[in-house]
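Engineer: Here's my sequence, what's the structure:
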Amino acid sequence: MFHHHIGANHPIDIASREICINYLKDFNKNKQNVVLEIGCSSGYLIDKIKMKKKYNYIGSDAVKNHIVKLSEKYKDVPFLIFDLLKNPFKKPICDALIMLNVLEHIKNDDAALLEANKILNDNGVLIIEVPAGKFLYGDYDKKLKQFRRYNMGEITKKIEKAGFTIERKTHLGFIVYPLFVIVKLFNKLFKDKNIVIKQVKNSNNFFTKMFFNLEKKLYKINFPFGIRCYICARKLNNSK
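Structural biologist: Below is the predicted model:
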């Protein structure tokens, strides 16, 4: 499993983390408040969740080195090393499961969602984010070791098929999406070995920050398109 963030201070990732916290507040109703993050290698979300003090956070990743580094920094946080497709747990272990920019790096995403369901307690919530715009898949995504991008209809059907009901869905990057599409199509025509670095650097600017700050305040709105699909789903009782 490969998990990627474009940077701790990039506007889209800041917005992503804040929306995640809002979804936890709005939809996680289980009293134990055990939150498991799959693909926590960046560590950027840990402080956000710990600040709330009411959540029992567990971090996990398939890459041992990432977990070792995080465990040295966060002495009081439990961490797990495991591959979701090789789920070692026979029973549910959490009330909320966070998967931000993870599913697109897993070849068999349907199987991964089924395992995600098994890890969650009944009525537990899944908070998931994936890259949007299936037709935009290109070299940028391949360099990040992503197998695919998604359309919202496709990803919601996959999540429902795995035993969840959708609580809320939206897109991140709605305002800047037209420019994003132009850049992606340009990249398809003109190959660039430094495409990842350039795209991240050019997109981190004042206007991008302003637009994402606005979107964060409107997180309850279902934006019809954008750079990333963002979904909160609830596990159905006794689903398998």
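
Engineer: which strand is the longest one in this protein?
Structural biologist: strand 120-131 (DSSP state E).

Engineer: Flag every buried residue along the next helix or strand after it.
Structural biologist: Sequence order places helix 139-143 as the next helix or strand after strand 120-131, per DSSP states H and E. Residues 140, 141 are the ones in helix 139-143 that count as buried (16 or more other CB atoms under 10 Å). Every C-beta, even on glycine, is put in place using the N, C-alpha and C of the backbone.

Engineer: list the helices and strands the following helix or strand past helix 139-143 packs on?
Structural biologist: Next in sequence after helix 139-143, counting helices and strands by DSSP H and E, comes helix 152-161. Judged by 3 or more CB pairs under 8 Å, 6 or more residues apart in numbering; DSSP states H and E, helix 152-161 is in contact with helix 109-119, strand 120-131, strand 164-172, strand 228-235.

Engineer: hang on, residue 187 packs against residue 139?
Structural biologist: Yes: applying CB atoms under 8 Å, one finds residue 187 in contact with residue 139, separated by 6.4 Å.

Engineer: Quick check on the residue nearest the centre of the chain: phi, psi?
Structural biologist: The geometric centre of the chain, computed from its C-alpha atoms, lies nearest to residue 100 (CA atoms, centre = their mean), at 1.3 Å. Note on residue 100: its backbone torsions stand at phi -100, psi 120 [degrees, to the nearest 10].

Engineer: just to revisit the earlier point, turn the helices and strands packed on helix 152-161 into JSON lines, including mean pLDDT.
Structural biologist: Listed next are those as JSON lines, based on pLDDT from 0 to 100:
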{"stretch": "helix 109-119", "mean pLDDT": "97"}
{"stretch": "strand 120-131", "mean pLDDT": "96"}
{"stretch": "strand 164-172", "mean pLDDT": "97"}
{"stretch": "strand 228-235", "mean pLDDT": "97"}
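
Engineer: Tabulate these (CSV), appending mean neighbour count.
Structural biologist: Shown next, in CSV, are the helices and strands packed on helix 152-161 (neighbours: other CB atoms under 10 Å):
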stretch, mean neighbour count
helix 109-119, 20
strand 120-131, 22
strand 164-172, 19
strand 228-235, 24
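
Engineer: longest helix anywhere in this protein?
Structural biologist: Among the segments of the chain that qualify as a helix by DSSP state H, the longest is helix 11-27.

Engineer: Need the helices and strands packed on helix 152-161 in CSV (columns: distance to residue 14).
Structural biologist: Converted to CSV, those look like this (distance: least, CB to CB, whole Å):
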stretch, distance to residue 14
helix 109-119, 25
strand 120-131, 13
strand 164-172, 11
strand 228-235, 13
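
Engineer: Kindly state which of the ones you listed is positioned closest to residue 151.
Structural biologist: strand 228-235 (7.9 Å; CB to CB).
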